[in-house]
Structure formats: C-alpha cells, structure tokens
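with the input below, show me the fold.
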Amino acid sequence: MRSHGPTYIWQASDWPHWRYDLAQLVHQLAEVSHAQGRLMGRLADIGVTLRDQASLATLTNDVVKTSEIEGEHLDTGSVRSSIARRMGVDIGALAPVDRHVEGVVDMVLDATGNCHAALTSERLFGWHAALFPGGYSGLSRIKVGGWRDDAAGAMQVVSGPIGRQRVHYEAPPSEQLVAQCTLFLEWANASAPLPPLIKAGLAHLWLVTLHPFDDGNGRIARAIGDLFLARADASPQRFYSLSAQIQRDRKAYYDILEKTQKGSLDVTAWLAWFLTTLHRAIDEAQHTLDTVLTRTRFWQRWSTATLNERQVKMVNRLLDGFDGKLTSSKWAAIAKCSPDTALRDISDLLVRGLLCKSGAGGRSTSYALNADDDGRSS
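Below is the predicted model of the structure:
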C-alpha cells in the first residue's frame, strides 16, 4: 500500500460502502428503461415461436461473446445447438457439442433462467466447475469449485511479455475471501431498495473486484450481472446481450474497470459506463429481432422449396448478414464443396428466384437474396 493512500478500492477504510450520485444517473436510467420497454413491447406482438428464436439468437451471442472477451473462441454452431436443445427449439440438424461449450451454456442459462433463485457460494462453485470441467485453465491446473487459495502468489491482472509485465490490478488476498464473499452474497440476496439496473452494475463490479477464483472471474461476473438484469426485466428470457456489447467495447471495458478499481468508492463513472453500454446492447437487440423476423418470413415464403444442406446453410448466412459479397468461390469455401458444385447450387437458386445476380459479371459476379417491393427478403 502506498503511503499516501490505498492503491485499490478494496483497501479503503470504508470498503465496500459503494457511493454514487443518483442524480447524475437518473436520466440514463430512464432512457434505458424506456429502451427496454420499447423492445419488450415489440416482442409481445410477435408470438411465442419468434420470441424463442430471438432469445436463442441472443443467448448464443451472449455465450460466444462472454468467452471472446477472455480470448476464448467457441464454435457458434455448437453453442446454438446446445442452447436450442435445452430450450426445445427446433433448428434442424444439431451441431456436435463439447463439454466446455456445455459448461458455459449451463452457467449462462442457470444465471438467467433461474434469476430469482438465491445467489450462494455453492451456486457460484457450480458455475466455476462447469467452466473448467477438466480442472485446467489452458495447461495450468487450477482450483475448481472453490475460492482461490493464492498458492502460486497474489491474484493479479497483468499484461505484456514475461519480464516486462504490467500489473493492472491486484485482488484481495485469499485469506479475506470467505468474509468478503459472504458480505457480497448477503448484499446480493438482500431486498434493500435499490434501482435494479444499479444493482446489476454494482454486482458485476463487486464480483470482478473480488476476483475470487483462479480463473473465469470475468465470465462469472458478467453472468451475475445478467442474473440481475433478468430480475430487472422480470423475465428469464434474454433478448439483449450485454456481453456482446462489452466485447465490441472491450478496451473501454478494461479501462473503466482499472480506473474504477484504482479510484474511490464513488463509482458513478462506472455505473454511467455500464448504463451506456446496456443501452447500446438493447438497441442492438432491435437489429437481432429484425434478423429473426426476416429469416422467419423468408422460410415461411419458401416453405415448400426443397433445398440441399449447402443451400440452406448459405441462405441462412445471407439472412444473418453476410460480410462482403457472396461469390461462387466464397460459396465453395464456406460450404466445403467444389467450384462446380457451388455453381450448380447457385444456378438452381437463381432459377427458382431465391437469389439474384449483382456485380459486373464474370469473376466479379456476386449473389444476393431477392427482395420484395416492401424490402422483405423473398
């Protein structure tokens, strides 16, 4: 500890008495609540089947992106299959799922689907064990399903090459964790009057500040935040992904965490960032819903068409928003088929009217889904 004061907020004499200026946040709280209301109102008009599809898309994005924040890349198809099976949503052929994917899905679905259940140490230990089913983080053996013991030294968040590492944060020592985590869980389960969105932001910050596990702290902190957001929405179904938005603003996320953890217990700036990010996540959910509606309308229109698996896969890629222009060579690469097979697939869809040509012709020819006069995919 530096002589002129504590280095980290958990070293402050009044820790963990969080402070924030509600007057500075009240406008943002109102805006976020209004955005939530608009989204939920739109969802109420589309029926159960489409809501399930929207929730499936959101949860898939949430699981994939919360892992990407930590540098892990999960197979989107496997994640989607795992969630669809649990939700009972028919998505056709299911992709293979490995136990690591299953573990992340288990945690996210338990946090949101059982959002009103008490948050306990045993529940957190279960999430942690699900994230690390083999007891390893990479090549390192870690303590799974229990608070860290700092056997390998202080828990630090570092970056940079070995020998020139920069310490961004050091968590409370392990001997404090039982008391610290007990205090957090008591607060989490208390019914004290607190704006629900404020509680979600504080819970996320508090858990990641404690950093109580050898690994997986960020994912668990975000799952806890999602739990409180589900409570705030009064719905276990998720239709927006905070983790996906955090992934888009990853550097800003780590910057505000570091600044907050080295600052005072006045966390107004953190909560303002949290609410801004949440608002963006809800706005992005409107685009996700547009995609779900477009996909559903398309397949309803072409419900009698018999397409092969490659064609279904590529049409769905276009419906999801294909990055760049779709050419026959890209079709062959993505569908894992020969150029001749790709051209036959494309020509068949052109004849049926599902696709149209764009571009100057020849090698620069690309293909897109046809559109109705009213802008809907045909």
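
how about the residue nearest the centre of the chain: what's its closest non-neighbour residue?
For the chain, Asp62 is the residue whose C-alpha lies nearest the centre (Cα atoms, centre = their mean; 2.3 Å). Take Asp62 and drop its neighbours on the chain: the residue closest to it by Cβ to Cβ, 6 or more residues apart in numbering is Ser241, 4.1 Å away. Every C-beta, even on glycine, is put in place using the N, C-alpha and C of the backbone.

quick one: residues contacting that neighbour.
Thr58, Leu59, Asn61, Asp62, Lys65, Ala281, Glu284, Ala285 (Cβ atoms under 8 Å, 6 or more residues apart in numbering).

any idea which element the residue nearest to the centre of the chain lies in?
Element membership of Asp62 [criterion: DSSP states H and E] is helix 48-68.

for that helix, name the packing helices and strands.
helix 76-87, helix 99-113, helix 217-233, helix 242-248, helix 268-301 (3 or more Cβ pairs under 8 Å, 6 or more residues apart in numbering; DSSP states H and E).

go through that helix and flag the buried ones.
50-68 (16 or more other Cβ atoms under 10 Å).

got the contact list for Trp18?
Leu202, Trp206, Leu265, Val267.

list only buried entries from those residues.
Judged by 16+ other Cβ under 10 Å, buried ones among these: Leu202, Trp206, Leu265, Val267.

tell me the pLDDT at the third one?
What that stands for is Leu265. Looking at Leu265, its pLDDT reads 96.

what does the first one give?
At Leu202 the predicted local confidence, pLDDT, stands at 97.

Thr260 is in contact with that one, correct?
No: the pair Leu202 / Thr260 is not scored as a contact, 11.1 Å apart, by Cβ atoms under 8 Å.

quick check: neighbours shared by the two?
Val267.

now do the domain split for the protein, please.
The chain breaks down into these domains under automatic domain parsing: 9-293, 307-369.

show me the shaky parts of this protein.
1-5, 91-97, 359-363, 371-378 (pLDDT under 70).

related to what we said a few turns ago, dump the residue contacts of the residue nearest to the centre of the chain.
Counting by Cβ under 8 Å, 6+ apart, Asp62 has contacts Val108, Asp226, Arg238, Ser241, Leu242, Ser243, Ala244.

any idea how far it lies from Lys199?
With distances taken as Cβ to Cβ, to the nearest Å, Asp62 is found 19 Å from Lys199.

next one: Cys337
Counting by Cβ to Cβ - Cys337 and Lys199 are separated by 51 Å.

more neighbours: those two, which one.
Lys199 (19 against 16; other Cβ atoms under 10 Å).

ok, Gly135 touching Ile142?
Yes: Gly135 is in contact with Ile142 according to Cβ under 8 Å; the separation is 6.8 Å.
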